[in-house]
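**Q** Would you be able to build a 3D model of this:
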Amino acid sequence: MKKPSVFILSGPGGAGKSTLLAKLFEDEQIKESCMKAVTVTTRPIRLTEKEGVDYFFITKEEFVYLKKKKFFLENEKVSDNYYGTPKLFYTLAKKRKKPLVLCIDVKGGMYLKKNLKTGKIITIFVKAPTQQELSRRMKKRAESKETMKKRIALAKEEMQFQKKYDFVINNKNIGKAVKETKEIILAHH
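**A** Presented below is the predicted three-dimensional model:
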(Lines give C-alpha, C1' and ligand atoms only; values in the text may rest on other atoms or scores of the structure.)
Protein backbone atom coordinates (compact mmCIF):
# COMPACT_ATOMS: atom_id res chain seq x y z
CA MET A 1 0.00 0.00 0.00
CA LYS A 2 1.36 3.42 -1.00
CA LYS A 3 2.33 5.66 1.90
CA PRO A 4 0.48 9.01 2.02
CA SER A 5 2.01 12.40 1.46
CA VAL A 6 2.31 14.31 4.73
CA PHE A 7 2.03 18.09 4.92
CA ILE A 8 3.39 19.56 8.15
CA LEU A 9 2.33 23.04 9.30
CA SER A 10 4.60 24.38 12.04
CA GLY A 11 5.61 27.68 13.53
CA PRO A 12 5.68 29.56 16.81
CA GLY A 13 2.64 29.89 19.05
CA GLY A 14 0.60 32.89 17.94
CA ALA A 15 1.56 32.55 14.26
CA GLY A 16 -1.97 31.39 13.44
CA LYS A 17 -1.32 27.74 12.55
CA SER A 18 -4.55 26.43 14.07
CA THR A 19 -6.64 29.18 12.48
CA LEU A 20 -4.95 28.55 9.14
CA LEU A 21 -5.62 24.81 9.40
CA ALA A 22 -9.28 25.34 10.32
CA LYS A 23 -9.81 27.79 7.43
CA LEU A 24 -7.95 25.50 5.04
CA PHE A 25 -10.35 22.66 5.82
CA GLU A 26 -13.36 24.90 5.16
CA ASP A 27 -12.29 24.68 1.51
CA GLU A 28 -14.29 21.90 -0.22
CA GLN A 29 -11.40 20.83 -2.44
CA ILE A 30 -9.06 20.40 0.54
CA LYS A 31 -11.77 18.77 2.68
CA GLU A 32 -12.47 16.20 -0.07
CA SER A 33 -8.88 15.42 -1.01
CA CYS A 34 -7.00 15.56 2.33
CA MET A 35 -7.21 14.33 5.91
CA LYS A 36 -6.52 16.44 8.97
CA ALA A 37 -4.88 15.01 12.06
CA VAL A 38 -6.11 16.18 15.47
CA THR A 39 -3.35 16.56 18.07
CA VAL A 40 -3.58 15.21 21.61
CA THR A 41 -2.47 17.67 24.31
CA THR A 42 -2.25 18.04 28.06
CA ARG A 43 -2.67 21.82 28.05
CA PRO A 44 -5.96 23.35 29.22
CA ILE A 45 -8.68 23.95 26.65
CA ARG A 46 -9.14 27.57 25.53
CA LEU A 47 -12.56 29.21 25.31
CA THR A 48 -12.68 29.10 21.51
CA GLU A 49 -11.61 25.44 21.19
CA LYS A 50 -13.68 22.29 20.80
CA GLU A 51 -12.74 18.83 22.07
CA GLY A 52 -11.96 16.47 19.20
CA VAL A 53 -12.00 19.28 16.63
CA ASP A 54 -9.08 21.49 17.69
CA TYR A 55 -7.37 19.01 20.04
CA PHE A 56 -8.01 15.98 22.20
CA PHE A 57 -7.45 17.17 25.78
CA ILE A 58 -6.13 14.61 28.26
CA THR A 59 -4.16 14.48 31.53
CA LYS A 60 -0.38 14.17 31.70
CA GLU A 61 -0.79 10.69 33.20
CA GLU A 62 -2.95 9.59 30.26
CA PHE A 63 -0.44 11.08 27.81
CA VAL A 64 2.51 9.26 29.41
CA TYR A 65 0.54 6.00 29.31
CA LEU A 66 -0.27 6.46 25.58
CA LYS A 67 3.34 7.37 24.86
CA LYS A 68 4.52 4.13 26.50
CA LYS A 69 2.05 2.22 24.32
CA LYS A 70 3.62 3.85 21.21
CA PHE A 71 0.30 5.54 20.36
CA PHE A 72 1.93 8.61 18.79
CA LEU A 73 3.49 9.21 15.39
CA GLU A 74 5.45 12.02 17.05
CA ASN A 75 5.24 13.77 20.40
CA GLU A 76 6.93 16.68 22.13
CA LYS A 77 6.88 18.57 25.38
CA VAL A 78 6.31 22.28 24.78
CA SER A 79 6.03 24.85 27.60
CA ASP A 80 5.31 22.22 30.30
CA ASN A 81 2.60 20.52 28.22
CA TYR A 82 2.70 17.45 26.01
CA TYR A 83 1.52 17.31 22.41
CA GLY A 84 1.30 14.26 20.17
CA THR A 85 -0.09 13.11 16.83
CA PRO A 86 -1.97 9.79 17.05
CA LYS A 87 -0.66 7.18 14.56
CA LEU A 88 -4.30 6.43 13.74
CA PHE A 89 -4.54 9.46 11.44
CA TYR A 90 -1.54 8.32 9.40
CA THR A 91 -3.02 4.82 9.14
CA LEU A 92 -6.39 6.21 7.99
CA ALA A 93 -4.77 8.52 5.43
CA LYS A 94 -2.86 5.55 4.05
CA LYS A 95 -6.02 3.42 3.88
CA ARG A 96 -8.04 6.22 2.22
CA LYS A 97 -5.13 7.14 -0.11
CA LYS A 98 -5.28 10.79 0.95
CA PRO A 99 -2.55 13.21 2.00
CA LEU A 100 -2.38 13.92 5.73
CA VAL A 101 -2.14 17.48 7.03
CA LEU A 102 -0.59 17.96 10.48
CA CYS A 103 -0.33 21.07 12.62
CA ILE A 104 2.59 20.39 14.98
CA ASP A 105 5.46 22.20 16.69
CA VAL A 106 8.79 22.70 14.92
CA LYS A 107 10.63 19.93 16.78
CA GLY A 108 7.90 17.44 15.90
CA GLY A 109 8.01 18.66 12.31
CA MET A 110 11.75 18.14 12.06
CA TYR A 111 11.48 14.74 13.76
CA LEU A 112 8.94 13.52 11.20
CA LYS A 113 10.86 15.01 8.28
CA LYS A 114 13.89 12.98 9.36
CA ASN A 115 12.23 9.77 10.61
CA LEU A 116 8.96 9.20 8.79
CA LYS A 117 9.83 7.04 5.81
CA THR A 118 7.07 8.08 3.47
CA GLY A 119 6.71 8.99 -0.17
CA LYS A 120 6.60 12.73 0.32
CA ILE A 121 6.87 15.03 3.31
CA ILE A 122 6.30 18.73 2.68
CA THR A 123 7.05 21.13 5.53
CA ILE A 124 5.38 24.54 5.74
CA PHE A 125 6.52 27.10 8.32
CA VAL A 126 3.82 29.57 9.37
CA LYS A 127 4.93 32.87 10.85
CA ALA A 128 3.37 36.13 11.98
CA PRO A 129 4.36 39.20 9.94
CA THR A 130 6.34 40.78 12.81
CA GLN A 131 7.57 39.98 16.31
CA GLN A 132 5.22 42.67 17.67
CA GLU A 133 2.22 41.06 15.93
CA LEU A 134 3.24 37.66 17.28
CA SER A 135 3.41 39.06 20.83
CA ARG A 136 0.03 40.80 20.37
CA ARG A 137 -1.60 37.55 19.23
CA MET A 138 -0.11 35.64 22.15
CA LYS A 139 -1.34 38.22 24.66
CA LYS A 140 -4.93 37.73 23.42
CA ARG A 141 -4.85 34.21 24.87
CA ALA A 142 -5.24 35.54 28.43
CA GLU A 143 -2.49 33.37 29.90
CA SER A 144 -0.39 34.32 32.93
CA LYS A 145 2.52 36.75 32.49
CA GLU A 146 4.95 33.95 33.36
CA THR A 147 3.49 31.63 30.70
CA MET A 148 3.49 34.49 28.20
CA LYS A 149 7.16 35.21 28.89
CA LYS A 150 8.05 31.55 28.29
CA ARG A 151 6.00 31.42 25.08
CA ILE A 152 7.63 34.56 23.66
CA ALA A 153 11.11 33.17 24.42
CA LEU A 154 10.15 29.85 22.82
CA ALA A 155 8.74 31.63 19.75
CA LYS A 156 12.08 33.38 19.18
CA GLU A 157 13.81 30.00 19.38
CA GLU A 158 11.29 28.37 17.01
CA MET A 159 11.71 31.11 14.40
CA GLN A 160 15.24 29.79 13.80
CA PHE A 161 13.75 26.60 12.31
CA GLN A 162 12.09 28.31 9.34
CA LYS A 163 15.27 27.88 7.26
CA LYS A 164 14.82 24.10 7.50
CA TYR A 165 11.28 24.13 6.08
CA ASP A 166 10.35 23.67 2.43
CA PHE A 167 7.98 26.67 2.41
CA VAL A 168 7.39 29.74 4.61
CA ILE A 169 3.93 31.33 4.83
CA ASN A 170 3.77 34.87 6.22
CA ASN A 171 0.39 34.88 7.98
CA LYS A 172 -0.29 38.61 7.74
CA ASN A 173 -3.60 38.05 5.95
CA ILE A 174 -5.40 34.77 6.73
CA GLY A 175 -7.16 34.62 3.34
CA LYS A 176 -3.88 34.96 1.47
CA ALA A 177 -2.14 32.48 3.81
CA VAL A 178 -4.91 29.90 3.21
CA LYS A 179 -4.68 30.40 -0.56
CA GLU A 180 -0.88 29.96 -0.54
CA THR A 181 -1.09 26.84 1.65
CA LYS A 182 -3.79 25.34 -0.54
CA GLU A 183 -1.65 25.97 -3.63
CA ILE A 184 1.32 24.21 -2.02
CA ILE A 185 -0.79 21.19 -1.05
CA LEU A 186 -2.46 20.85 -4.45
CA ALA A 187 0.84 21.28 -6.32
CA HIS A 188 2.59 18.59 -4.26
CA HIS A 189 -0.27 16.12 -3.76
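**Q** Please enumerate the helices of this structure.
**A** Secondary structure of the chain (DSSP state H): helices at 17-24, 28-33, 60-68, 87-96, 106-115, 131-139, 145-159, 174-188.
**Q** weakest of those by average pLDDT?
**A** Mean pLDDT values for those show the minimum at helix 131-139, a mean of 74.
**Q** ok, now how distant is the residue positioned nearest the centre of the chain from residue 41?
**A** The centroid of the chain falls nearest to residue 103 when counting by C-alpha atoms, centre = their mean (1.5 Å). Counting by C-beta to C-beta, to the nearest Å, the gap from residue 103 to residue 41 is 11 Å. Any C-beta I mention is one placed from the backbone N, CA and C, and that applies to glycine too.
**Q** quick one on the thing from earlier: ok, now which ones touch the residue nearest to the centre of the chain?
**A** Residues in contact with residue 103 (C-beta atoms under 8 Å, 6 or more residues apart in numbering) are 9-10, 17-18, 20-21, 37, 39.
**Q** where does residue 43 land on pLDDT?
**A** For residue 43, pLDDT reads 92.
**Q** My guess is it contacts residue 81. True?
**A** Yes. With contact defined as C-beta atoms under 8 Å, residue 43 reaches residue 81; the gap is 3.9 Å.
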